[in-house]
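**Q** Structure here, sequence nowhere to be found:
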């Protein structure tokens, strides 16, 4: 690492900053199917989050890996926080202005 005498700011390369990382554990989410009552874990890529203007138009969806049903469930603030933090693709249907 180097240090700038004038600012006291240290700089480092990307390679040295992430040099100790070996792998990243993928985030998994527990879910259930209302049709077949199956319980399973899904990766972020298996889920979709849609954020609408109201609670009725804000939901997450996935395809049940056991029966193939298309599942859509409401998403409150906590679910939105967990899914976005876990890397789930998000579609916003309204402006955040």
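**A** All right, it came through fine. These numbers were taken from a predicted model, which means no experiment stands behind them.

**Q** Point out where the chain drops to low pLDDT.
**A** Where the chain drops to pLDDT under 70, the residues are 1-10, 14-15, 17-18, 20-24, 95-97.

**Q** which one's the longest helix in it?
**A** helix 77-85 (DSSP state H).

**Q** How about residues contacting that helix?
**A** 29, 44, 47, 49, 51, 58, 60, 75, 90 (Cβ atoms under 8 Å, 6 or more residues apart in numbering). For the C-beta atoms, the positions are set from N, CA and C on the backbone; glycine is no exception.

**Q** distance of the first one from residue 46?
**A** Read it as residue 29. 8 Å (Cβ to Cβ, to the nearest Å).

**Q** Repeat that for the last one.
**A** For residue 90, the distance to residue 46 under the criterion Cβ to Cβ works out to 14 Å.

**Q** And the strands in this protein, which stretches?
**A** Using DSSP state E, the strands of the chain run over 2-3, 10-11, 28-32, 39-43, 48-51, 59-63, 70-74, 89-92.

**Q** what's around the residue nearest to residue 38 when sequence neighbours are not counted, how many residues?
**A** Leaving aside its sequence neighbours, residue 38 sits nearest to residue 66 (Cβ to Cβ, 6 or more residues apart in numbering; 3.9 Å). Applying the criterion other Cβ atoms under 10 Å, we find 13 residues in the vicinity of residue 66.
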